[in-house]
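Trainee: My questions are about this predicted structure, shown below with the sequence.
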Amino acid sequence: MSSTNDINNIKENCLNSITELIEKYKDDEYMLQRLHTRVVNYLPNDLDYEYKKREKNVNRTNYLTNEKDMFIQIFLSKNQYYYLPNNNCFYEYNGKNYSIVKDDDIIHKLLSTISKDRTLMEWKHKTKKNAISIIKERSLLNSIPESETIQNVLNVLYPSIFTSKNQAKYFLTIIGDNIFKKNSNHIFLVTPKTKKILNEIDNIAYLSIGYTNTTHNFMTKYHENHSYDNCRLIKINECFSLDLWKDIIKKIGLDLLCIAAHYSNRYENSDNYLSVKADEELKNYSFYLKNNSTTDIVSNFCNSYFTCIGSNDKEKEKEKEISENKQCKIEWKNVHYIWKQFISNMSLPNMIYSNTLKTILKEKYSYDESSDSFINITSKYLPTESDFIKFWENTITIVNDMSVSMPIGEEGFDNEIEVDELCALFKYWSKQNKNNESILSNGTISDENVLKILKHFFPNIEIVEDKYVLNITCNLWNKIDDIKKSIRFIYDENKLPLISFDAAYNYYCVFCNTNSYKFIVSKRYFEKYFKFYCASHIVYEKFIETSSFIEA
């Protein structure tokens, strides 16, 4: 609005102008009459017309502006469009899923909707331009997903990848923090398999929202340069299918990223999420390194996994028993193995280097340099592993050793024993040696522990797919001999010139059960041996000429 001074100036200018005209034509009656007519008769009507015209235009403009604003508000509530300036992409959210949308599609929908309304036809392009401008101010990363969308994503993450929904939400909040570049000094320690999941999230983030390094601060290994205070732990299930995850992330990747951004906005950051929302178990695990020093962690390890011999009266009897069994010291390689058990059971990264661990333990326990052993300690976690090593050393032969040769006719065959077969053989061996005082376990051992023992104590052993141990034999079970003994039985039972691998294996199993064999080879091994043994008699890929059995 004009100020008082402006109005006064206008009045003065108008009066001065009329005064000047009167003075100019004071001697001309005609011109004075014309001036009078125009000022008195025409000017009020002209000004009144102009006033009404302007008022009408203003009202019309105000009406159309209100209609436009209301139209855009309603349109954007029914059609949730968003935008990201970094990749110049538009997005649509239908209440269930987010998707990338072309700006041409948005414009087409806008213009089509305006045309149906008709009210804004004369402001069609202005409304469109204004709507697009408003959409560009609506960041995708500030959108609020519906509960259905959130639950759909959480149901994918839990229980297949995370063991609780709180863990899944914590993970999403971390991803959101990374999108917004919060807590850039934090290091999130994960397993190598988790890193494969994160790589897929990185890929989808780059393709869908144009962000790179969304998971840059997730690490698979602890480094001494990392401060415990900045380290956070994340635990996932190890049995998920990576191929299945790749397919899923392509479908829900954008939804996952939008929910991650929403959680980061909602909870401020991942640490705050742990403080205000997470249960104590999740909080304590995630903050384990932050809340514990190296000394604390080693103390937790020792208190849980070792017993000091003779540390109190109650240990006297145990001390005597253990001493008699010559178990009053533990070699460093076994201590290191128990440490690996500790971090595995606790789902912790290897945050203390072995030399540092050994130095701390030397300060805590008596140490014998000559035997590289810690004195007067024992561990309930060692007997099974110790017995398995004895079993291995007494029964297993490595056939790729130059000093070991295969029987005639079997040279070139890559023998193998499956991990679960080793478990069964160990249990059998333990029962056979149960009266041996040096055998302390009952022979029960899991596949996972066998793999840990082999990888730690026998690192040169070749293991495929964490299931097949190659180039070894066991003197408790000659797998090839068992198959050879069944060949005549298979031939007599079949009585046809051809037999399928499936049928041959079924007959082999019948033969083993009939003769009370303790162990039966897997179908994979059975076929592998026959493909080697009868290579020239394999037909149609799945059949064996039974004439080869007679030749045997």
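Mentor: Yes, it's here. Numbering: from 1, shown residues only.
Trainee: can we go C-alpha only for contacts and neighbour counts from here?
Mentor: Noted.
Trainee: residue nearest the centroid of the chain?
Mentor: Ile197 (4.1 Å; C-alpha atoms, centre = their mean).
Trainee: looking at this, that one is in a helix?
Mentor: Yes - membership of Ile197 in a helix is supported by DSSP: H, G, I helix; E, B strand; the rest coil.
Trainee: Quick one: residues contacting it.
Mentor: Neighbour list for Ile197: Leu242, Trp245, Lys246 [criterion: C-alpha atoms under 8 Å, 6 or more residues apart in numbering].
Trainee: My reading is that Asn183 lies in a helix. Confirm?
Mentor: No - counting by three-state DSSP, Asn183 falls outside a helix, being coil.
Trainee: can you offset everything so residue one is 35?
Mentor: With the count now opening at 35, the last piece we talked about shows up as Asn217.
Trainee: Not counting sequence-adjacent ones, nearest residue to it?
Mentor: Nearest non-adjacent residue to Asn217, counting by C-alpha to C-alpha, 6 or more residues apart in numbering: Asp211, 6.9 Å away.
Trainee: Please tell me how far that neighbour sits from Glu499.
Mentor: The gap separating Asp211 from Glu499 is 36 Å, by C-alpha to C-alpha, to the nearest Å.
Trainee: Counting neighbours, go ahead and name the busier of the two.
Mentor: Using other C-alpha atoms under 10 Å, the more surrounded residue of Asp211 and Glu499 is Asp211, with 24 against 6.
Trainee: which residues are in contact with the helix or strand hosting Ile168?
Mentor: Ile168 belongs to helix 158-170 when assigned by DSSP states H and E. Helix 158-170 is contacted by residues 102, 106, 115-119, 141, 144-145, 148-149, 154 when judged by C-alpha under 8 Å, 6+ apart.
Trainee: Any buried residues in that helix, and which?
Mentor: For helix 158-170, the neighbour count (16 or more other C-alpha atoms under 10 Å) marks Lys158, Thr161, Lys162, Ala165, Ile166, Ile168, Ile169, Lys170 as buried.
Trainee: Grab the two from these that are most spread out in space.
Mentor: Lys158 and Lys170 (18.5 Å; C-alpha to C-alpha).
Trainee: hmm, back to that, contacting residues for the residue nearest to Asn217?
Mentor: With the criterion set at C-alpha under 8 Å, 6+ apart, Asp211 makes contact with Asn217, Ala294, Ala295, Ser298, Asn303, Ser304.
Trainee: Quick check: it vs Asn219, distance?
Mentor: 11 Å.
Trainee: and what of Phe545?
Mentor: 64 Å.
Trainee: More neighbours: which of those two?
Mentor: Phe545 (20 against 13).
Trainee: one step back: for the contacts of helix 158-170, which one is nearest Asn325?
Mentor: Nearest to Asn325 among these, counting by C-alpha to C-alpha, is Leu118 at 38.7 Å.
Trainee: Just give the closest residue to that closest one, not the sequence neighbours.
Mentor: Leaving aside its sequence neighbours, Leu118 sits nearest to Ser173 (C-alpha to C-alpha, 6+ apart; 5.8 Å).
Trainee: If you tally nearby residues, what's the number for the one you found?
Mentor: Ser173 is flanked by 15 other residues according to other C-alpha under 10 Å.
Trainee: what are the phi and psi angles of it?
Mentor: phi -70, psi 130 (degrees, to the nearest 10).
Trainee: can you pull the contacts of it?
Mentor: Tyr116, Tyr117, Leu118.
Trainee: what's near enough to touch Ala295?
Mentor: Contacts of Ala295 by C-alpha under 8 Å, 6+ apart are Leu175, Asn176, Leu206, Thr207, Ile209, Gly210, Asp211, Ile213, Phe214.
Trainee: ok but the residue nearest to Asn217 is inside a helix, no?
Mentor: Yes - counting by three-state DSSP, Asp211 is found in a helix.
Trainee: show me where pLDDT drops low in the stretch 185-334 of the chain?
Mentor: Within the stretch 185-334 of the chain, no stretch has pLDDT under 70.
Trainee: need the helices for it, in chain order.
Mentor: Counting by DSSP state H, counting those that start in this stretch, one finds helices in the stretch 185-334 of the chain at the ranges 199-213, 226-243, 276-301, 304-310, 314-320, 322-325, 328-339.
Trainee: The longest one to helix 199-213, inter-axis angle?
Mentor: Going by axes from the mean of the first three to the mean of the last three C-alpha atoms, to 10 degrees, helix 276-301 is angled at 80 degrees with respect to helix 199-213.
Trainee: Just the buried positions in helix 276-301, please.
Mentor: Those would be 279-280, 283, 286-299, 301, for helix 276-301 by 16+ other C-alpha under 10 Å.
Trainee: go on, the shortest one?
Mentor: Buried residues in helix 322-325, counted by 16+ other C-alpha under 10 Å: Tyr322, Leu323, Lys324.
Trainee: got it, and the last one?
Mentor: By 16+ other C-alpha under 10 Å, the buried positions in helix 328-339 come out as Ile331, Val332, Phe335, Cys336, Tyr339.
Trainee: cool, and the fourth one?
Mentor: Residues of helix 304-310 classed as buried under the neighbour-count rule (16+ other C-alpha under 10 Å) are Ser304, Asp305, Tyr307, Leu308.
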